[in-house]
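Peer 1: okay, sequence plus prediction incoming.
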Amino acid sequence: MKSDKIKKGIERAGARSLLYATGISKEDMAKPFIAIVTSRSDIIPGHIHMPRLERFIERGVAAGGGVPFVFGVPGICDGIAMGHSGMRHSLPSRELIADMIETVMKAHQLDGMVCLTNCDKITPGMMMAIGRLNIPALVVTAGPMMSGNLKGRRLSLVKDTFEAVGRCKRGEITQDELAALEMCACPGAGACQGLYTANSMACFTEALGLSLPGCATALAVSAKKDRIAQATGEKVVQLVRRNTLPRTILKKEAFMNGIKVDMALGGSTNTVLHVIAVAKEFGVNITPDTFDQVSKETPHIANILPGGEHFMEDLDSAGGIPAIMKRMKLQLNDVMTMGEKTVSQIANDAQILDENVIRDYKNAYHKEGGIAVLRGNLAPEGSVIKQTAVSDKMMKFTGKACVFDSEEKAMEAIMGGHIKKGDCVVIRYEGPKGGPGMREMLSPTAAIVGMGLADDVALITDGRFSGGTQGPCIGHISPEAAVGGPIAALKDGDGIVIDIPARKLEVMLTDEEIKKRLASWKAPEPKETEGYLARYAKMVGSASEGAMLKA
């Protein structure tokens, strides 16, 4: 076992003494040492219940004959960090989490690990570490939140708080009604109730084969989640004993399965950014065009919030990801998963319990999957949109650019009533380098929806969008403004053409005019000059390559 390096041989007397100080016995020294990597936090609703899940994972590890050791990594709640400078830290935290796990695991030479995660950047950060370390590992995503309820109506975070801000601004609801929604939209523990980034990544993780069947949709407050946590702890000890390694099991065919399921569900645009980064740590090449091609071939069969009407709890009741895999069985690669079941075994064991929540291909909600990648003279390296959350009316749009050099300036204009029908809001210098940190733009997109402009106004950015975003909102525009991408050349009034079916994003300027404007462009002064974000801005790569740090 890998842990023999810290517990065997006369020269390891000091290390053994320190290990005995933790309370383990001589008998434990012969067992596999298993890390339980937790992102428990008192400030993230998706993580507040993790101490309970840690106990069940520990039970499983002990029942399987291993010795559990818990250590923690930090997490950020994107909803709380949204709309201000704090969001600059969210995506960069992904790299920190991967590095921290690598550091602790290599320093202590543990044999295997269970990663307990839930929210947006934490899950991909942990998965990146698993690929990098290539030791026996499984993931427990801590589960979706139950829907809220007010006067008999089910509520969700994005629709009933972020979007309600715009409704309040336009006088559709009062401040007292907004306050009532705030109190009821999030009733307790769990990741936000729709197919936002946290739940999108949870579903991808299960479809990839890194979580046990049923894990992604099992509610945070459910005993089902507890049982999955315990089974995961027991299973990882078996993987250690068989030396089952992630890179051996999770090859490109498995990643393609995860992407296919993600497209069928209509997941967050952030999955593009994260899956590219995770795949690289596994030695697998995935590009934005991979998502686009799969999306063209994969009908959208589950319509979950924000674009649809169903909640994650509905998907769970309908059979969860195993039922999606059953529906897609002929389209998926029949490969082994880290849970030691093949895709066909998982699909055959599943039941589709609600034909409306998980439709067949003939009755699909959309002919294509959730994400489209647009290119053109405004995005030579690509841009990303969640096309299943766009109305038919806005699949093609031509508007006039209203250019802002920060999210705050754009939000001020939106809330001030300065954005009108036919406008295309442009938010730039919010990319990986320019942000720095590539902030999510849920506040402005939700305000546009709440103010009734979702079918009349588009928004494009070199930053990102929350998985809760709906409407014609295009992110990840690459190259970004901070490195002199074409988006840096835009001026108020420029014509912007969006054609999602044709996969085009263009500005109505000649190549000569774009070059002329960029010739006089000067890179802005860095927004961060010290600390981690300053270092991050110097080292981070393009969004089209996963926004990973470069040496």
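Peer 2: Done, it's in. Everything numeric here is computed off the predicted structure, so don't read it as measured data.
Peer 1: residues touching the residue nearest the centre of the chain, list them.
Peer 2: By C-alpha atoms, centre = their mean, the chain has its centre lying nearest to Thr197, at 3.5 Å. Taking C-beta atoms under 8 Å, 6 or more residues apart in numbering as the contact definition, Thr197 lies against Asp78, Cys119, Asp120, Ser268, Asn270, Thr271, His274, Ser466, Gly467. Quick note: C-beta positions are derived from backbone N, CA and C, even for glycine.
Peer 1: phi, psi of it?
Peer 2: Recorded main-chain torsions at Thr197 are phi -60, psi -40, according to degrees, to the nearest 10.
Peer 1: pLDDT wise, what is it at?
Peer 2: pLDDT recorded at Thr197 is 95.
Peer 1: closest to Leu378 out of the contacts of Thr197?
Peer 2: Leu378 lies nearest to Asn270 out of those, by C-beta to C-beta, at 20.8 Å.
Peer 1: not counting its neighbours along the chain, what's nearest that closest one?
Peer 2: Closest residue to Asn270 apart from its sequence neighbours, by C-beta to C-beta, 6 or more residues apart in numbering: Thr197 at 4.3 Å.
Peer 1: distance of the residue of the chain most remote from its centre from Arg16?
Peer 2: Within the chain, Ile10 marks the point farthest from the mean C-alpha position, 46.4 Å out by C-alpha atoms, centre = their mean. Ile10 sits 10 Å away from Arg16, going by C-beta to C-beta, to the nearest Å.
Peer 1: for Ala413, same thing?
Peer 2: Distance, Ala413 to Arg16, using C-beta to C-beta: 64 Å.
Peer 1: strands of the stretch 301-450 of the chain, start to end?
Peer 2: With DSSP state E, counting those that start in this stretch as the criterion, the stretch 301-450 of the chain has strands at 371-376, 379-386, 396-404, 423-427.
Peer 1: what strands line up against the last one, and which way round?
Peer 2: Based on DSSP bridges, the strands next to strand 423-427 in the sheet, each with its direction, are strand 396-404 (parallel), strand 458-461 (parallel).
Peer 1: out of the ones you listed, which one sits most buried?
Peer 2: Mean neighbour counts were compared across these using mean count of other C-beta atoms under 10 Å; the top stretch is strand 458-461, at a mean of 28.
Peer 1: what mean pLDDT does that strand get?
Peer 2: Here the average pLDDT along strand 458-461 is 97.
Peer 1: any idea which helix or strand comes after it?
Peer 2: strand 473-478 (DSSP states H and E).
Peer 1: what does that next one rub up against?
Peer 2: With contact meaning C-beta under 8 Å, 6+ apart, strand 473-478 is reached by 269, 272-273, 288, 374, 378-386, 431, 441, 445, 458-465, 485, 487, 498, 505, 542-544.
Peer 1: just the CA atoms of that strand, as CSV, please.
Peer 2: Output in CSV follows, covering the C-alpha atoms of strand 473-478 (Å, rounded to 0.1, in the frame of the first residue of the first chain):
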residue,chain,number,x,y,z
CYS,A,473,-26.6,35.3,-22.6
ILE,A,474,-23.3,34.4,-24.2
GLY,A,475,-20.2,33.9,-22.1
HIS,A,476,-16.6,32.7,-22.3
ILE,A,477,-15.9,35.0,-25.3
SER,A,478,-12.4,34.2,-26.3
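Peer 1: please renumber the chain so that the first residue is 19 from this point on.
Peer 2: Right, with 19 as the first residue, what we last looked at is strand 491-496.
Peer 1: quick check: what element follows that strand along the chain?
Peer 2: Sequence-wise, the next helix or strand downstream of strand 491-496 (DSSP H and E) is strand 513-517.
Peer 1: for that next one, name the packing helices and strands.
Peer 2: With contacts defined as 3 or more C-beta pairs under 8 Å, 6 or more residues apart in numbering; DSSP states H and E, strand 513-517 has these neighbours: strand 389-394, strand 414-422, strand 441-445, strand 476-479, strand 522-525.
Peer 1: got a list of what Met343 touches?
Peer 2: Contacts of Met343 by C-beta under 8 Å, 6+ apart are Ala225, Val279, Leu350, Val361, Ile364, Ala365, Ala368.
Peer 1: and what of Lys418?
Peer 2: Residues in contact with Lys418 (C-beta under 8 Å, 6+ apart) are Gly440, Asp441, Cys442, Asp510, Gly511, Asp512, Gly513, Ile514.
Peer 1: by neighbour count, which of those residues wins?
Peer 2: Cys442 (25 neighbours; other C-beta atoms under 10 Å).
Peer 1: is that residue bridged to anything, and to what?
Peer 2: Cys442 has these beta-bridge partners by DSSP bridges: Ala419, Ala476.
Peer 1: what ranges does the stretch 119-268 of the chain have for its helices?
Peer 2: Assigned by DSSP state H, counting those that start in this stretch, the helices in the stretch 119-268 of the chain fall at 140-151, 175, 181-187, 193-202, 215-226, 241-260, 264-267.
Peer 1: nearest to Lys556, out of those helices?
Peer 2: helix 140-151 (20.0 Å).
Peer 1: can you tell which of the strands paired with strand 441-445 is closest to Ala203?
Peer 2: Closest to Ala203 of the strands paired with strand 441-445 is strand 476-479 (C-beta to C-beta; 23.3 Å).
Peer 1: what's in contact with the closest one?
Peer 2: 396, 401, 412, 415, 417, 441-446, 448, 459, 462-463, 466, 489-493, 495, 505, 514, 516, 523.
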